[in-house]
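*Asks:* Sequence first, predicted model second:
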Amino acid sequence: MTDTYDVIRSVLTTTFRVPDDEISPERTLEQLELDSLALAEFALILQERLEVRVDEEHATRATTLAQVTEHLDTLRARSVTTP
């Protein structure tokens, strides 16, 4: 996975106290027990760390970590190429 995934993993383990062995790309945010308030905080932290805004439809309880990573990688790539 990418460095984006590493940031996501770090946020989950440090801020939300998700055990590292429960985190994998195919896990959904719901399976990691993030409620709606936690999802909002998760998106805000990722925005601060990665300097891109997570779109709401890409951070729902049904979203997998792989999907979040892919979305953020796409946004980060666009921000690098956009003047």
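*Replies:* Yes, it's here.
*Asks:* Which helix or which strand is home to the closest residue to Glu51 other than its chain neighbours?
*Replies:* Computed as Cβ to Cβ, 6 or more residues apart in numbering, the closest residue to Glu51 that is not its neighbour in sequence is Ser79, at 7.0 Å. For glycine as for every other residue, the C-beta is placed from the backbone atoms N, C-alpha and C. With elements delineated by DSSP states H and E, Ser79 resides in helix 65-81, which encompasses its position.
*Asks:* For that helix, name the packing helices and strands.
*Replies:* Secondary-structure packing of helix 65-81 (3 or more Cβ pairs under 8 Å, 6 or more residues apart in numbering; DSSP states H and E): helix 3-14, helix 36-50.
*Asks:* List the buried residues of the last one.
*Replies:* Right, helix 36-50. By neighbour count on 16 or more other Cβ atoms under 10 Å, the buried set for helix 36-50 is 38-39, 42-43, 45-46, 50.
*Asks:* how close does Ala40 get to Ala66?
*Replies:* From Ala40 over to Ala66 the distance is 21 Å, taken as Cβ to Cβ, to the nearest Å.
*Asks:* tally of neighbours for the residue nearest to Glu51?
*Replies:* Taking other Cβ atoms under 10 Å as the criterion, the count of residues near Ser79 is 12.
*Asks:* from memory it sits against Val52, does it?
*Replies:* Yes. Under the criterion of Cβ atoms under 8 Å, Ser79 lies in contact with Val52, with a separation of 5.8 Å.
*Asks:* about what we covered before: let me know the closest of the buried residues of helix 36-50 to Thr4.
*Replies:* Using Cβ to Cβ, Leu50 is the member of the buried residues of helix 36-50 that sits closest to Thr4, with 6.6 Å.
*Asks:* how close does the closest one get to Pro19?
*Replies:* From Leu50 across to Pro19, the span is 23 Å (Cβ to Cβ).
*Asks:* for His71, same thing?
*Replies:* Taken as Cβ to Cβ, the spacing of His71 relative to Pro19 amounts to 24 Å.
*Asks:* Can you pick out the residue with more neighbours from these two?
*Replies:* Comparing His71 with Pro19 by neighbour count (other Cβ under 10 Å), the higher total belongs to His71, at 18 against 9.
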